[in-house]
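# All I have is the shape, not the residue letters:
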């Protein structure tokens with residue numbers, strides 16, 4: 001090769017060798033620079049170009065050399081030059097990929113190690129691991145531990161492109177899939193998470209953010225989700241024990257009844273764990289639940305509740321020996337801690353109660369409590385005059401509040417301004433608002449429809465709580481079971497449960513030990529079933545008799561407009577849900593008609609709209625509400641009204657007064673239960689007892705009377721406090737979210753039957769029992785996945801139905817044939833009885849020893865079971881069918 005002519009370059013010009021930007025630039029530099037001088041220098045030093053570069057970069061003594069600094073600074077240009085070199089680009093690319101691959105593998109291996117906390121052992125799974133999992137937190141830790149890998153994923157997924165999840169309609173600002181978030185969170189019980197039915201179905205929606213902001217947030221979340229899932233799959237591939245996300249998704253799929261073949265397919269893809277791992281996790285979670293129950297039960301500061309539920313496990317091919325074997329009768333149970341300051345000393349009264357019990361064959365007659373009757377409860381439990389209005393009783397104050405609230409919530413627009421100014425009724429005795437944790441017990445293969453079945457159910461439920469027969473545990477060498485012989489245990493249930501437990505205590509009263517006598521059991525009746533009995537009583541009084549439906553002012557006319565296609569159902573067996581809604585909606589319309597009639601009669605206005613134009617003040621409305629309460633609700637003067645001459649009486653007006661009275665009693669019971677006002681609950685029960693007695697529900701009347709009698713005249717103060725403050729529970733810890741214990745049991749039954757226990761071929765009694773303690777775990781899992789994986793079509797509450805047109809039509813009909821305008825001489829095909837007076841007379845006769853023929857009747861017996869519709873109705877229409885009232889109540 002000939003030497004190029006020209007001046008020899010200076011040493012300072014050598015770095016220009018590294019300034020390579022393109023092939024053309026390289027060609028120009030090659031022709032311009034006398035590289036032979038460099039080549040000769042390298043030959044004399046016996047070092048190659050590659051050796052020179054390696055030496056410069058690896059020897060510490062050259063670390064700060066200007067050549068090295070310049071080389072490192074322009075390494076990108078050097079790499080580009082290698083990639084553009086025609087002969088070495090493939091070799092350089094392969095080597096670069098191996099280097100980058102090692103970097104990524106090193107980051108992922110570090111993430112998959114146990115130190116990073118993403119190992120989930122199925123055999124030792126705990127609810128704490130599931131509750132603490134957060135997809136956002138996992139993404140953050142992956143980004144911190146593998147920043148280069150995370151950046152690569154971002155480039156590959158191209159967030160700008162992947163974010164375009166919506167259609168062109170979305171981009172233009174039209175309705176997107178995300179907007180369904182606010183439309184229906186749970187359309188059916190099969191698709192909800194029950195912090196769900198217990199926690200959120202009656203919750204209030206927050207302010208709706210702009211759709212554009214929500215779309216941006218959702219796109220970002222989905223991009224984050226994809227990067228996290230891809231990383232998790234690779235981590236799982238590098239280390240099979242790094243399976244936190246896969247375990248979470250596997251349990252979620254199990255809770256959603258996903259077929260096993262789908263789960264196994266996803267497990268092979270690295271998205272889920274296998275079905276065997278899921279089953280081991282379920283075993284571990286069930287055992288953990290059992291340990292929690294024992295810790296709670298052995299503290300003795302626990303309350304128990306149970307009820308039966310039926311499961312139909314149909315066989316594909318019935319056989320002779322198993323043809324009638326498909327219907328299984330099981331029993332579910334709940335436990336919850338006793339709070340509100342209850343101590344062990346409050347429950348240490350078993351021996352004292354037994355010494356004074358009528359079941360004790362050795363009891364001395366003078367020690368038994370004096371005989372008392374319903375009117376003693378009436379005197380004890382009827383609240384005194386309201387502290388806010390000494391001239392009005394607490395009941396009249398509540399009734400006035402209902403009238404005023406209906407006017408401001410459903411009357412003309414002018415009155416809406418006062419809605420937020422109306423204060424909730426003054427509580428009689430408020431239970432402190434405390435969140436009550438509820439623990440699901442393991443379901444039991446026991447049919448508790450018999451006395452022996454109830455005994456077995458109670459014994460097994462106590463055993464799950466770590467409480468056993470003291471005589472047996474004392475003989476054991478090691479036992480953690482406490483000695484319960486001196487303590488009592490609160491057990492909640494429906495009417496049938498109470499009857500069978502009391503029958504068991506009567507049968508076993510001759511036993512020698514307190515355990516065998518079931519002496520420790522204190523039964524507490526469920527208020528949800530009582531509420532259903534009250535709804536049944538209203539149906540029997542105002543709909544069931546055929547003649548009561550014939551008047552133009554009858555309740556059946558309201559049914560024809562509220563549910564025109566279901567009049568036949570209402571005439572036979574409407575069920576609790578329909579009656580619950582009817583009481584709310586028909587009651588609103590009739591109370592608005594009372595306002596119209598009173599405004600017309602006292603103020604001279606032809607309609608509520610005309611009355612609104614006069615712009616009355618809130619004080620004026622409050623005064624009118626009190627007048628309306630005394631005028632259009634049956635009072636102590638009702639008997640005098642019925643003793644008038646036939647020509648002076650208006651029978652339909654009298655029926656309307658009784659209807660308003662009983663509807664308001666039902667409203668008060670519902671409100672008291674939802675608000676946790678135990679004083680008002682007891683006063684309402686006392687008022688309902690004679691009504692239940694008169695309508696033929698003698699067992700409920702007797703059971704509730706005996707229960708209140710024991711609470712207020714027999715039990716010591718500590719036990720009385722424990723019972724009264726735990727007959728209602730608050731699973732959410734929020735105001736107006738109190739629930740009856742038996743309602744929680746029925747809800748647990750629904751989830752145990754519908755959502756848990758396997759599906760198809762693997763749905764069996766054993767599987768149902770295994771998964772029954774995991775109701776809450778499954779619900780929490782579904783809520784977590786719905787939140788972290790940006791599920792759409794989910795809202796926090798159903799929008800209340802728009803009843804304005806329906807209410808307007810009913811009010812127009814009532815205006816034509818108003819039951820609240822006295823028309824002397826107006827007849828009725830059916831005279832509604834004053835059930836309170838009738839019930840009182842029946843109880844007085846019973847107290848005198850007169851024989852009564854007790855016929856409980858059929859009513860709508862389906863209520864006793866508390867079905868799906870009944871549970872949903874209690875959630876959606878907890879305040880007697882008035883969802884629109886919850887905001888004011890909360891204030």
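Nice, I can see it. Computed from a predicted model, the values in this text were never measured in an experiment.

# Any idea how many residues pack against residue 262?
11 (other C-beta atoms under 10 Å). C-beta: built from backbone N, CA, C; applies to glycine.

# So what touches the helix or strand containing it?
Using DSSP states H and E, residue 262 maps to helix 260-268. Identification of contacts with helix 260-268 by C-beta atoms under 8 Å, 6 or more residues apart in numbering yields 246, 249-250, 253-254, 272-275, 278, 762.

# now those residues: which count as buried?
Listed as buried from the contacts of helix 260-268 are 246, 249-250, 253-254, 272-275, 278; burial here means 16 or more other C-beta atoms under 10 Å.

# Where does confidence bottom out across the residues you listed?
On pLDDT alone, residue 254 ranks lowest of the buried ones among the contacts of helix 260-268, at 87.

# what helix or strand is that residue on?
helix 244-255.

# tell me how far stretch 58-67 is from the chain's mean position?
67 Å (C-alpha atoms, centre = their mean, to the nearest Å).

# what's the straight distance from one end of that stretch to the other?
Terminal residues of stretch 58-67 are spaced 13 Å apart (C-alpha to C-alpha, to the nearest Å).

# and what of stretch 825-835?
23 Å.

# Ok, stretch 344-360 next?
First-to-last distance for stretch 344-360 - C-alpha to C-alpha - comes to 24 Å.

# quick one: contacts of stretch 534-547?
548-549, 554-556, 559, 570-571, 574, 576, 579-580, 583, 659, 662-663, 665-666, 669, 688, 691-692, 695-697, 829-830, 832-833, 835, 857, 859-860, 863.

# and that stretch, what's its mean pLDDT?
Average pLDDT, stretch 534-547: 96.

# Buried ones in it, by neighbour count?
Per 16+ other C-beta under 10 Å, stretch 534-547 contains these buried residues: 534-544.

# Looking at the contacts of helix 260-268, which one is closest to residue 513?
Within those, the smallest distance to residue 513 is 42.8 Å, found for residue 762 (C-beta to C-beta).

# Tell me the confidence at residue 628?
Looking at residue 628, the pLDDT reads 96.

# Oops, could you answer that again for residue 861 instead?
42.

# what's the answer for residue 456, then?
pLDDT for residue 456: 95.

# Now it: phi and psi?
phi -60, psi -40 (degrees, to the nearest 10).

# Just list the residues touching it, thanks.
Here residue 456 is in contact with 444, 446, 448 (criterion: C-beta under 8 Å, 6+ apart).

# try it again with 10 Å
Taking C-beta atoms under 10 Å, 6 or more residues apart in numbering, we find residue 456 in contact with 331, 444, 446-448, 450.

# Could you point out which residue ranges in the stretch 51-200 of the chain have low pLDDT?
For the stretch 51-200 of the chain, the stretches flagged by pLDDT under 70 are 159-200.

# How about the contacts made by the closest residue in space to residue 615 that isn't next to it in sequence?
Excluding its sequence neighbours, the residue lying closest to residue 615 (C-beta to C-beta, 6 or more residues apart in numbering) is residue 414, at 6.9 Å. Going by C-beta under 10 Å, 6+ apart, residue 414 touches 408, 608-609, 611-616.

# Could you tell me the angle between the helix holding residue 254 and helix 260-268?
Between helix 244-255 and helix 260-268, the angle comes out at 170 degrees (axes from the mean of the first three to the mean of the last three C-alpha atoms, to 10 degrees).

# Now do the helix holding residue 262, average pLDDT.
91.

# Pipe the buried residues of stretch 534-547 into a markdown table and attach distance to residue 40 and secondary structure per row.
Output for those, formatted as a markdown table (distance: C-beta to C-beta, whole Å; DSSP: H, G, I helix; E, B strand; the rest coil):
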| residue | distance to residue 40 | secondary structure |
| --- | --- | --- |
| 534 | 109 | helix |
| 535 | 107 | helix |
| 536 | 110 | helix |
| 537 | 114 | helix |
| 538 | 112 | helix |
| 539 | 111 | helix |
| 540 | 116 | helix |
| 541 | 117 | helix |
| 542 | 115 | helix |
| 543 | 114 | coil |
| 544 | 117 | coil |
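
# Please tabulate the residues you listed in JSON lines and include distance to residue 372 as additional columns.
Shown next, in JSON lines, are the buried residues of stretch 534-547 (distance: C-beta to C-beta, whole Å):
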{"residue": "534", "distance to residue 372": "23"}
{"residue": "535", "distance to residue 372": "29"}
{"residue": "536", "distance to residue 372": "27"}
{"residue": "537", "distance to residue 372": "24"}
{"residue": "538", "distance to residue 372": "29"}
{"residue": "539", "distance to residue 372": "31"}
{"residue": "540", "distance to residue 372": "28"}
{"residue": "541", "distance to residue 372": "28"}
{"residue": "542", "distance to residue 372": "32"}
{"residue": "543", "distance to residue 372": "35"}
{"residue": "544", "distance to residue 372": "33"}
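
# Which of the residues you listed sits closest to residue 42?
Nearest to residue 42, judged by C-beta to C-beta, of the buried residues of stretch 534-547 is residue 535 at 100.3 Å.

# per-residue confidence for the closest residue to that closest one other than its chain neighbours?
Counting by C-beta to C-beta, 6+ apart, residue 535 lies nearest to residue 579, which is 4.2 Å off, once chain neighbours are set aside. Note for residue 579: predicted pLDDT of 95.

# I'd like to know how many residues surround residue 579.
Neighbour tally, residue 579, other C-beta under 10 Å: 25.

# For it, give its distance to residue 555.
Using C-beta to C-beta, to the nearest Å, one obtains 10 Å as the distance from residue 579 to residue 555.

# what does residue 461 give?
Counting by C-beta to C-beta, the gap from residue 461 to residue 555 is 42 Å.

# Tell me which helix or strand comes right after the one helix or strand the residue nearest to residue 535 maps to.
Assigned by DSSP H and E, residue 579 belongs to helix 575-598. Scanning forward in sequence from helix 575-598 by DSSP H and E, the next helix or strand is helix 608-613.

# Just say helix, strand or coil for residue 329.
strand (DSSP: H, G, I helix; E, B strand; the rest coil).

# typo on my end, residue 635
coil.

# neighbours around it, how many?
Counted with other C-beta under 10 Å, residue 635 comes out at 14.

# from what I can see it touches residue 629, true?
Yes - between residue 635 and residue 629 there is a contact under C-beta atoms under 10 Å: 8.9 Å.

# before we move on, the earlier item: now, the contacts of residue 456 that are in strands?
In strands, judged by DSSP state E, the following of those are found: residue 331.

# Which one of the contacts of residue 456 is nearest to residue 90?
Taking C-beta to C-beta as the measure, residue 90 lies nearest residue 444 of these, at 70.8 Å.

# The closest one - how many residues pack around it?
So residue 444, with other C-beta under 10 Å, has 23 neighbours.

# how close does it sit to residue 584?
In terms of C-beta to C-beta, residue 444 sits 37 Å off from residue 584.

# Does the helix or strand hosting residue 840 pack against any helices or strands, and if so which?
Taking DSSP H and E as the criterion, residue 840 maps to helix 835-848. Secondary-structure packing of helix 835-848 (3 or more C-beta pairs under 10 Å, 6 or more residues apart in numbering; DSSP states H and E): helix 374-381, helix 527-542, helix 638-642, helix 651-675, helix 678-695, helix 698-713.

# Name the residues of stretch 636-646 that come out as buried.
Residues 638, 641 are the ones in stretch 636-646 that count as buried (16+ other C-beta under 10 Å).
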